[in-house]
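[1] sequence plus the predicted model coming up.
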Amino acid sequence: MDSSRICISGGSAGGWLALLTGMGISFEACGISPPAPPTSIAAIYPISDLNDPFWHTKQHPVSYMDRVIKTEELTDYLDASKPMVDSCPLGCPRCKFYHYMIQEGILEDLLLEGTGINPTEFSVAPAIKSGKAPHANVPTFVVHGTIDDKVPVVQADDVVEAMKAKGLSVEYEKVEGADHLFDRDEKVDMGQMYAFVKKTLGA
């Protein structure tokens, strides 16, 4: 494998990790050195800012569910003393965990409780604006649906606006009327994103 030609990509939380890793954000706050920058980044409907009120505001129920998820339904996954779970087949109780997290507004607590790390350290647009993204100049592609109610489109808007304000290389596909996971539809070919990947990798 040619390690000089890598596009880091992911969807949702994975899109957030792609942006953090690719731009070298939050590594210093965690006491580690950022990896070498990739050739490019492709973030699909990414989470990007823990300070957004969306992650702190309780929704009982969340906008796309018809009931409130009971804490007891997820006891095995909320108790740190329980056996670790590293898989989530469709239909298992753990599939409700993300929706429960939004419902209770506890994303920051789940990720950072007890670490003493400020959530801003993991927020992409603020890092770009403040110069805390050492590899912010990596060519980046972002795609997000306009009616996403699992990760609000403003999460992508803010990253793209911050990059444009700095004159950085970014392409943005804002898909009208698309919700989270829209790319699971077999009719969606993600052509614009793959064209970006091929272009940046010289394929």
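    Yep, it's here.

[2] so where's the protein uncertain?
    1-3 (pLDDT under 70).

[3] so which residues of it form helices?
    13-23, 75-78, 97-104, 107-112, 124-130, 154-165, 191-201 (DSSP state H).

[4] how's the chain carved up into domains?
    7-51+117-201, 58-104 (automatic domain parsing).

[5] tell me the contacts of T71?
    78, 100 (C-beta atoms under 8 Å, 6 or more residues apart in numbering). Every C-beta, even on glycine, is put in place using the N, C-alpha and C of the backbone.

[6] was I right about I44 contacting A13?
    No - between I44 and A13 there is no contact under C-beta atoms under 8 Å: 10.7 Å.

[7] anything in contact with each of the two?
    In contact with both I44 and A13: no residue, using C-beta under 8 Å, 6+ apart.

[8] the more surrounded of those two?
    Per other C-beta atoms under 10 Å, whichever of I44 and A13 has more neighbours is I44, with 25 against 14.

[9] could you measure the more buried one against L74, distance?
    As judged by C-beta to C-beta, to the nearest Å, I44 and L74 stand 26 Å apart.

[10] one more: M84?
    For M84 relative to L74 (C-beta to C-beta), the value is 15 Å.

[11] more neighbours: which of those two?
    L74 (17 against 6).

[12] check contacts around the more buried one.
    93-94, 96-97, 100.

[13] for the nearest residue to S169 once chain neighbours are set aside, what are its contacts?
    Sequence neighbours aside, P139 is the residue nearest to S169 in space, at 4.3 Å (criterion: C-beta to C-beta, 6 or more residues apart in numbering). The contact partners of P139, taken as C-beta under 8 Å, 6+ apart, are 39-41, 169-171, 196, 200.

[14] on that earlier part again, out of the helices of the chain, which is closest to W55?
    For the helices of the chain, the distance to W55 is smallest for helix 107-112, at 4.2 Å, taking C-beta to C-beta.

[15] now, the contacts of P139 that are in strands?
    Residues of the contacts of P139 located in strands (DSSP state E): 40-41, 170-171.

[16] who wins on neighbours among those?
    For these, neighbours were counted by other C-beta under 10 Å; the highest total belongs to I41, with 29 neighbours.

[17] that one and A18 touch, don't they?
    Yes - judged on C-beta under 8 Å, I41 makes contact with A18 at a distance of 5.4 Å.

[18] overlap in contacts of the two?
    Shared contacts of I41 and A18, defined by C-beta under 8 Å, 6+ apart, are found at 8-9.

[19] distance to L111 for the domains of the chain - can I get that in JSON lines?
    Listed next are these as JSON lines, based on distance: least, C-beta to C-beta, whole Å:
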{"stretch": "domain 7-51+117-201", "distance to L111": "7"}
{"stretch": "domain 58-104", "distance to L111": "10"}
